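Engineer: sequence first, then the predicted structure, then my questions.
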Amino acid sequence: MASQGASDREAKALRVARQVIDDHRLKNLIQEVQVEGAADASGQDALYVWLVVADDQRPAAETVKGLTDIATAIRDRLLEHATSPWPYVSFKSAA
Amino acid sequence: MGLADDLLEQAEHLLKREPKRPRQASLRRAVSAAYYALFHQLCADASAQIIPAKQRALRAIVQRGLVHSELKNTCADFSSAHKPSVSPQIRALLTIPLEPQLCDLAKVFVDLQELRHVADYDVARVWNRQAAASAVLKAHSALTGWKTIRNSSNATIFLSCLLFRNASRR
């Protein structure tokens, strides 16, 4: 996870993710952002951005759309300069 | 409906199968089905580029020969509208910028292939409904967009590169 010792790459990804979230109307749904560099399933260098959200068993369609828009915007911002490492942006539970 | 549409419908069904407490199996299979909806759509469209419809068995063989990792790498190559990562010869054939629907499909394919691996194999990962619903929504949007541009010149080139990845890199 990104922390004091995180690489520049991970720190930059964390910064980009927070900027995108701060600009979005659903920013309050994102409790935390975690960034981790690792190999993906095909063995290629990758960046994992986890958006931590509270469990919602019945999220409204517009909530899912908004969260997806946030994840897509983070991915696209991170892809602006290079496709490697690929930034995988997804959600996970707070618990 | 084709296989891709059926898989997407199945993914959406699995998302809602347990209204209160979704089973991990349902969410995982929803994500996996969403990926395979994209995968089979691209395989069908790519094979249709080179095999006539009446050669149904041959189309199936060509589709079966497509490799997940190579499709992912080609999709990554087409993720940038202004700077696709292809050979100069292929680039000269493309209309730049690429259509946003093409780039979106390419990026979502890369995203979902990884999520599919996690959903199918990483038992430590706990899925919530938002994560699975987001993956299914991305597949749905990408497929909807793709169907509007899949007969375009750029889409034809993209599909050819899916079939013959080496040609797109030389």
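Structural biologist: Okay, I see it.

Engineer: okay, the most centrally placed residue in chain B and B:Lys16: tell me how far apart.
Structural biologist: Nearest to the mean C-alpha position of chain B, by C-alpha atoms, centre = their mean, lies B:Leu38 at 3.2 Å. Separation of B:Leu38 from B:Lys16 (C-beta to C-beta, to the nearest Å): 20 Å. Every residue, glycine included, has its C-beta placed from N, CA and C.

Engineer: also B:Phe164?
Structural biologist: Taking C-beta to C-beta, one finds B:Phe164 at 40 Å from B:Lys16.

Engineer: what are the ranges of the strands in chain A?
Structural biologist: A:30-39, A:45-53, A:86-93 (DSSP state E).

Engineer: what's the closest of those strands to A:Thr68?
Structural biologist: With C-beta to C-beta as the criterion, A:Thr68 lies closest to strand A:86-93 of the strands of chain A, at 9.2 Å.

Engineer: what's the angle from the closest one to strand A:30-39?
Structural biologist: 140 degrees (axes from the mean of the first three to the mean of the last three C-alpha atoms, to 10 degrees).

Engineer: quickly find the element holding the residue nearest to the centre of chain B.
Structural biologist: Counting by DSSP states H and E, the element that carries B:Leu38 is helix B:24-50.

Engineer: close to chain A: what parts of chain B are there?
Structural biologist: B:19-22, B:69, B:72, B:76-77, B:79-80, B:85, B:107, B:110-111, B:113-115, B:117-118, B:121, B:125-126, B:128-131, B:133-135, B:137-138 (C-beta under 8 Å from any C-beta of the partner chain).

Engineer: among those residues, which are in helices?
Structural biologist: Among those, DSSP state H puts B:69, B:72, B:76-77, B:107, B:110-111, B:113-115, B:117-118, B:121, B:129-131, B:133-135, B:137-138 in helices.

Engineer: out of these, which are buried?
Structural biologist: Neighbour-count burial (16 or more other C-beta atoms under 10 Å in any protein chain shown) applied to these gives B:72, B:76-77, B:107, B:110-111, B:113-115, B:117-118, B:129-131, B:133-135, B:137-138.

Engineer: sorry, back to before: from B:Asp45, how far off is the residue nearest to the centre of chain B?
Structural biologist: Distance from B:Leu38 to B:Asp45, by C-beta to C-beta: 11 Å.

Engineer: A:Asp22 too?
Structural biologist: In terms of C-beta to C-beta, A:Asp22 sits 39 Å off from B:Asp45.

Engineer: looking at those two, which is more packed in?
Structural biologist: Legend: neighbour count by other C-beta atoms under 10 Å in any protein chain shown for A:Asp22 and B:Asp45, higher for B:Asp45 (20 against 9).

Engineer: wait, doesn't that one sit right on B:Leu159?
Structural biologist: Yes. The criterion here is C-beta atoms under 8 Å, and B:Asp45 meets it with B:Leu159 at 5.6 Å.

Engineer: for those two, list the residues in contact with both.
Structural biologist: The contact sets of B:Asp45 and B:Leu159 overlap at B:Arg150 (C-beta atoms under 8 Å, 6 or more residues apart in numbering or on different chains).

Engineer: how close does B:Ser47 get to B:Arg150?
Structural biologist: 13 Å.

Engineer: return the helix or strand in chain B with minimum mean pLDDT.
Structural biologist: Every helix and strand in chain B was compared by mean pLDDT, DSSP states H and E; the lowest is helix B:165-169, with a mean of 74.

Engineer: so which of the strands of chain A is nearest chain B?
Structural biologist: Using C-beta to the nearest C-beta as the measure, strand A:86-93 is the one of these that comes nearest chain B, at 4.0 Å.

Engineer: so does that closest one get close to chain B?
Structural biologist: Yes. Applying C-beta under 8 Å from any C-beta, one finds strand A:86-93 touching chain B at A:86, A:88-93.
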